[in-house]
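> Here is my input, please return the structure:
(3 chains)
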Amino acid sequence: MSVALDLFSIVAIVAGAFFFFAGSVGLLRFPDSLTRLHALSKADNLGLGLIVLGLLPRVESLLGALKLLAIWALVLLSGAASAQLIGRALRRRGGDE
Amino acid sequence: MSVLQALDIGLALLVLAVAVWTIAAAEIFGAVVAYVAYGLLLSIVWVRLFAPDVALTEAAIGSGVTGILLVTSGARLNSAGKASAAAPPRLSLRLSAAALAIVAAAALAGVILTLPDPGPTLAPEARRELAATGLGNPVTAVLIAYRSFDTMLEKIVLLLAVVGVWSVAPDRFWGGAPAPLGRANPQGALVLLEQTLVPLGILVGVHTFWVGADEPGGAFQGGAILAAMWMIVMIARVSEPPSVNSRWLRLALIAGPGVFLVAGVAGLGMAGNFFAYPDGFAKPIILFIEAFMLLTIAATLPVLVAGPPRRSPKP
Amino acid sequence: MNEFLLLAAGFIILTVAAGLFRVLRGPGDADRMMAVQLLGTGGIASLLLIASATTVSGVDDVALGLALLAAFASVAFVNGDATDDGQAQEGNGK
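Down below sits the predicted model:
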């Protein structure tokens, strides 16, 4: 049972790390600011989400699991809000890229 | 080389690279952003050095409060047209600054690298005396029990900083309020963020303070988180920076060092020595002092960021 | 297992740090801000992995603090945006 859980953790964490990698590559290679913003939010949501998922089987107590989920929810919330704010700031600045 | 060692070396090189970029950046915003990144990386370094209290403080102050302080100041400089007006410093000045920094860094590195292998430390004694204070976190014990006078003086230094910032205002604005921290029409997303994040942040801030007696945390970290939350409220224009004359603000600013000083002097009567705590009753007194320090730090940092008053006082 | 977690933590830090190149190149301030935001989220992920792999207590509290302040820098940046439509930054006197 614990081998299966370990395997699950490994798969989830590798997937999460992949999304961070993809987010970085997107940030570096996408042609324009708005598309880079899109790449950034993928890393935020899925990257961190998969890592939290992978770490959930390893927590000691219910409180630990709730803390992990709370951290993910906070990052989702702030990521979404900042994406909106940065997006509008980009649009207001117009085309000075 | 183990994975952990490779991780540490990678981290150290990264910190150096970001530090170099902060100094070499051509314009204010680039340097500020690099500095915030530097703070984030440093907090991971502190975790690797087994100092979670410092890591928490670095995350809250270095990337949070200092970040917004620098960005706000940079924006005010930019809008006043002063940011690029000054000529860059002369080469001789830059070389002397670099030489001074190198000498200081080399001296520090030399001291640390030539320490004997179990380095001289007071940590075992600190841990041994913990039971007398009733606390579980040796960092908090050092701050509020072993060298409490120092900590109180640090809070007074914060107060002096506030006095310094406020005294920059022209005479006719004295007594007024600082300029609003946020823009005229805050966006919906910002207000939503404020409504959902701030209550949670207040909870986490108070929790961090409370848990600091036994786990990593403490009044300073909790206060920094609360300060960040108040600043989000002001940026979302839900509330404005208070005027410098406001009585509750002034009380909040002096509450921390004030209560600390009173407790210290009361120690003369209760426990026979300046800043001593009576046996068995130390922990409640420590938490009492820390609660007021929490209030002061949460009030001081946003006041420093808001800046000097920029409008005449209301009649 | 612990080694794997630390390896993942290191990998994530290095990847998001590579994204810091955006801080160098820009071309706009928003791109620089986004790179730091990515670093922040990557930092939180690495801290959670390190917390699970080592026995230091309080590391997940550091991650929680970082998560709270994640949006803070972006909010400050957007707030200080030079193309202000209202004169909110300066007061009405000078």
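> Briefly note if the longest helix anywhere in chain C comes near chain B.
For chain C, the longest helix by residue count, based on DSSP state H, is helix C:29-53. Yes. Judged by C-beta under 8 Å from any C-beta of the partner chain, helix C:29-53 comes into contact with chain B through C:Asp29, C:Arg32, C:Met33, C:Ala35, C:Val36, C:Leu39, C:Gly40, C:Gly43, C:Ser46, C:Leu47, C:Ile50. Any C-beta I mention is one placed from the backbone N, CA and C, and that applies to glycine too.
> Tell me which stretches of the chain form helices.
I'll assume chain A. Under DSSP H, chain A gives helices at A:2-29, A:33-42, A:48-55, A:62-93.
> Chain C was what I was after
Secondary structure of chain C (DSSP H): helices at C:2-18, C:21-25, C:29-53, C:59-79.
> Now the weakest link among those, please, by mean pLDDT.
Out of the helices of chain C, helix C:21-25 stands lowest, with a mean of 71 (criterion: mean pLDDT).
> B:Gln187 - how many residues pack around it?
Neighbours of B:Gln187 under the rule other C-beta atoms under 10 Å in any protein chain shown: 16.
> Revised request: answer the last question for B:Pro120.
Neighbour tally, B:Pro120, other C-beta under 10 Å: 6.
> Where does pLDDT dip in the chain?
Chain wasn't specified; assuming chain A. A:94-97 (pLDDT under 70).
> should've been chain B
B:1, B:81-87, B:315.
> Nearest residue to the residue nearest the centre of it in space, please, no chain neighbours.
Geometric centre of chain B, nearest residue: B:Ile61, 4.4 Å, by C-alpha atoms, centre = their mean. Spatially, and ignoring its direct neighbours in sequence, B:Ile61 is nearest to B:Ala224 (5.3 Å; C-beta to C-beta, 6 or more residues apart in numbering or on different chains).
> thinking C:Val78 is in contact with A:Ala83, fair?
No. Contact criterion C-beta atoms under 8 Å: C:Val78 and A:Ala83 do not qualify, at 10.9 Å.
> rewinding a little: make sure the residue nearest to the centre of chain B is indeed in a strand.
No. Counting by DSSP: H, G, I helix; E, B strand; the rest coil, B:Ile61 is not found in a strand; it is helix.
> Could you report the separation of it from C:Met34?
Distance check for B:Ile61 against C:Met34: by C-beta to C-beta, to the nearest Å, it reads 23 Å.
> which residues are in contact with stretch B:257-273?
B:148-149, B:151-152, B:155-156, B:159, B:274-279, B:285, B:288-289, B:292-293, B:296 (C-beta atoms under 8 Å, 6 or more residues apart in numbering or on different chains).
> switch the cut-off to 6 Å
B:Met152, B:Lys155, B:Ile156, B:Phe274, B:Phe275, B:Ala276, B:Tyr277, B:Pro278, B:Ile289, B:Phe292 (C-beta atoms under 6 Å, 6 or more residues apart in numbering or on different chains).
> cool, stretch C:56-75 as well?
Counting by C-beta under 6 Å, 6+ apart, A:67, A:71, A:74-75, A:78, A:81-82, B:36, B:47, B:50, B:52, B:55-56, B:59-60, B:64, B:67, B:201, B:215-216, B:228, B:235, C:33, C:37, C:40, C:44, C:47-48, C:50-51 sit against stretch C:56-75.
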